[in-house]
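[1] What would the 3D arrangement of this be:
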Amino acid sequence: MDTTRLLSKETLMHKTKSSTIPDRSRPGLTTAASSIGNQDGVEKLATGETNVVRLAKEEFTVGTWNVRTLHQEGKVNQLTYELDRYQWHVLGIAEMRWLNSGETTTDGHKLWYSGDEKCHRKGVGFLVHREYAKAVMESEPISSRVIRVRLNANLRNVSIVQAHAPPADCNDEETEEFYDSPRITLDKIPKKDIRIIQGDWNAKIGCDVYQNWKGTIGKFGVGEVNERGARLLEFCKLNNLVVANTFGKHKTSRRVTWIAPDGTTRNQIDFILLDRRCKSCIKVNKTRSFPGADIGSDHNLLMMTMKLKIKKVRRQPNCRIKYNLQQLKDTKCQEEFEVKIGGRFGALLEMEE
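    Modelled structure (predicted):
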């Protein structure tokens, strides 16, 4: 056999192996190694500065759901029952209709809420999975429409704001007053935190304005933008946020978040807004609405999955003190022990006598 031909064949095989990587999802299949344009979540801004968000192997799932009411017997149990069918970490809730603010535990999960002081209307809250409840660093009930929690995560902490915008028939003054509250809340969040603001915005963004708001929204909105939607887009632009649930190419039933009483009118009015610098962390295939979740509401459960590792704070085990009783067989040690114990409990022995 020609030695030169054999060497060239081995060289070719070596080059082929080095330029291909195995596809883990289908064993034995190889695909050409592609260049990674946004490795480790590096995003270059227009100013020339570079923000880096390291991508974690673990996934973090946050959701929002307008449940219409939790002020009914058994509603909270129904909520946790429905969520057990999904993988989730933190759920923001709108229209809880609970009074005042506080925290409670249900089925091991931790629930923080902020409601009206007098009437069972409006009200927002956060339900945190039992395994991650101790990762919550702080919670802040702001109003009956806005609440915030902060979670301990690797590299960067996460601040999540749950909001519930006024309905479409409210005047512009009330709408602007509402937007002031999330804006002030976002300004108070530490700059290094990953910011997520989500909820029922009562606004339609649509897909017709994609070219005008490219980078802020994706191509996969529903319907056409309205006046409230334009206000929401301005809010996103001013605060460097992206609308996470408009980037996935899902079928319409998995993009719609609200169904009218007539059963035919469907819109997308619930949104999850995320820091622009973390856009590459979004798992678009897992960021969508879940129409199968049922709690008697006209809104669908909406969840976003991203690459992030939340710290699990585990309880410290109880340390039991073990005594070496064999040492009491030593006379000297026994005498020292009797003196020590006698000094501590001498008063009690005298009382008994």
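
[2] rest of the way, CA atoms for contacts and neighbours
    Will do.

[3] need the helices for the stretch 1-150 of the chain, in chain order.
    3-18, 75-83 (DSSP state H, counting those that start in this stretch).

[4] looking at those helices, which has the lowest confidence?
    Looking at these, the lowest mean pLDDT belongs to helix 3-18 (a mean of 46).

[5] quick one: average pLDDT of stretch 122-139?
    In this model, stretch 122-139 has a mean pLDDT of 96.

[6] Next, count neighbours for residue 198.
    Neighbourhood size, residue 198 [other Cα atoms under 10 Å]: 26.

[7] now residue 290
    18.

[8] Could you find the closest non-adjacent residue to it?
    Here the nearest residue to residue 290 in space, its sequence neighbours aside, is residue 301; by Cα to Cα, 6 or more residues apart in numbering that works out to 5.2 Å.

[9] Distance check, that neighbour against residue 136.
    As judged by Cα to Cα, to the nearest Å, residue 301 and residue 136 stand 22 Å apart.

[10] So between those two, which is more surrounded?
    Ranked by neighbour count (other Cα under 10 Å), residue 301 and residue 136 place residue 301 first, with 27 against 21.

[11] Give me the distance between the more buried one and residue 256.
    10 Å.

[12] likewise residue 225?
    Counting by Cα to Cα - residue 225 and residue 256 are separated by 14 Å.

[13] before we move on, what about residue 116?
    Counting by Cα to Cα, the separation of residue 116 from residue 256 is 29 Å.

[14] For those two, indicate the residue with more neighbours.
    Taking neighbours as other Cα under 10 Å, residue 116 and residue 256 compare with residue 256 leading, 25 against 18.

[15] and that one, what is it in contact with?
    222, 266, 267, 268, 269, 289, 300 (Cα atoms under 8 Å, 6 or more residues apart in numbering).

[16] Put together CSV for these, with distance to residue 339 and pLDDT on each row.
    Shown next, in CSV, are the contacts of residue 256 (distance: Cα to Cα, whole Å; pLDDT from 0 to 100):
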residue, distance to residue 339, pLDDT
222, 83, 95
266, 82, 96
267, 81, 96
268, 78, 97
269, 77, 98
289, 72, 98
300, 72, 98
